[in-house]
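> Sequence first, then the predicted structure:
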Amino acid sequence: MLAADHLALALGGTPVLADVSVALPPGRVTAIIGPNGAGKSSLLACLAGLSAPEAGQVMLDGRPLAALPPADRARRIGFLPQVAEVNWEIDVATLVALGRLPHRRGWAGPSPADAAAIAAAIAATDLAGLAGRVVNSLSGGERARALLARVLAGQPHWLLADEPLANLDPAHQWDTLACLRAAAAAGAGVAIVLHDLAHAARIADHLVLMAAGRVVAAGPPETVLTPERIADVYGVTTARVALPDGSAGLVITGRLG
């Protein structure tokens, strides 16, 4: 279990998290949702160990995350940032291979397991035709997929992704959601920040709804995404619709006020 226990965090003197407690279930997809400025990315950064809370702590399998050795934490938690930037002139295959570094000892070269994980990540993100391209020559969406492949190659126990659908076309948004679902089905805990309520309702097993730095509700999508709660938090009206596959979809029908 990856959990936040009464977290508080301020950035530049401005509080962004206040008494936030959440528990993420392993082997499931958790979507962290809420309006702009709700504290979603700040919570994810704390869960990844990238931001140190001013109060409270993050727990991983009953142990404080801050107490884990960095190498152990890197093997167990993979983080996909919101901004798709790469600061080196390297090709896609080399970038994806960096995801295996926490699994290698000293100066040891890649193992057969490393090669298999890299190949699987490149295939899952539809990058086979771009493997030899320099990353910074790619479009924003292609870079985002390459960074996702790097995280997937690490085969982390927990995969945390901050707005992984940004800059992606609809087909690759669908593929990315399928990759994340597959990671959860294989046993990883997945937590993603999303803005699209329809995607959140469709992909997530568990939702964390935030507003003004606090958790408003957490639980299954059908209990969190009620029309009344969405209207209160987002100021919009919604309706449930039947999708072609028989599942229920969520659409925004208007704006309040």
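Yep, that arrived.

> I would like the residues contacting stretch 3-18, please.
19-24, 39, 42-43, 46-47, 51, 53-59, 212-214 (CB atoms under 8 Å, 6 or more residues apart in numbering). All C-beta spots, glycine's among them, are computed from the backbone N, C-alpha and C.

> What separates the first and last residues of that stretch, distance-wise?
Using CA to CA, to the nearest Å, the end-to-end distance of stretch 3-18 comes to 15 Å.

> dump the residue contacts of the residue nearest the centre of the chain.
Closest to where the C-alpha atoms of the chain average out (CA atoms, centre = their mean) is residue 161, at 2.0 Å. Residues counted as contacts of residue 161 (CB under 8 Å, 6+ apart) are 79, 80, 148, 151, 180, 190, 191, 192, 193.

> so which of these is the most crowded?
For the contacts of residue 161, neighbours were counted using other CB atoms under 10 Å, and residue 190 has the most, 30 neighbours in all.

> show me the contacts for it.
28, 29, 30, 158, 159, 160, 161, 180, 181, 183, 184.

> Make sure I have this right: the last one is in a helix.
Yes: inclusion of residue 184 in a helix is indicated when DSSP: H, G, I helix; E, B strand; the rest coil is applied.

> okay, now it: neighbour count?
Residue 184, neighbours per other CB under 10 Å, totals 22.

> and the residue lying closest to residue 242 once chain neighbours are set aside, what are its phi and psi?
Counting by CB to CB, 6 or more residues apart in numbering, residue 242 lies nearest to residue 248, which is 6.5 Å off, once chain neighbours are set aside. Main-chain torsions, residue 248, degrees, to the nearest 10: phi -100, psi 130.

> Can you select the buried ones among the contacts of stretch 3-18 for me in PyMOL?
Only the buried entries of the contacts of stretch 3-18 go into this PyMOL selection, using 16 or more other CB atoms under 10 Å:
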select buried, resi 20+22+24+39+42+43+46+47+51+53+56+57+58+59+213
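
> So which of the contacts of stretch 3-18 sit within helices?
Of the positions in the contacts of stretch 3-18, 42, 43, 46, 47 sit in helices, assigned by DSSP state H.

> Kindly reformat those residues as JSON lines containing distance to residue 238 and pLDDT.
Below are those laid out as JSON lines (distance: CB to CB, whole Å; pLDDT from 0 to 100):
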{"residue": "42", "distance to residue 238": "26", "pLDDT": "97"}
{"residue": "43", "distance to residue 238": "24", "pLDDT": "98"}
{"residue": "46", "distance to residue 238": "29", "pLDDT": "97"}
{"residue": "47", "distance to residue 238": "28", "pLDDT": "97"}
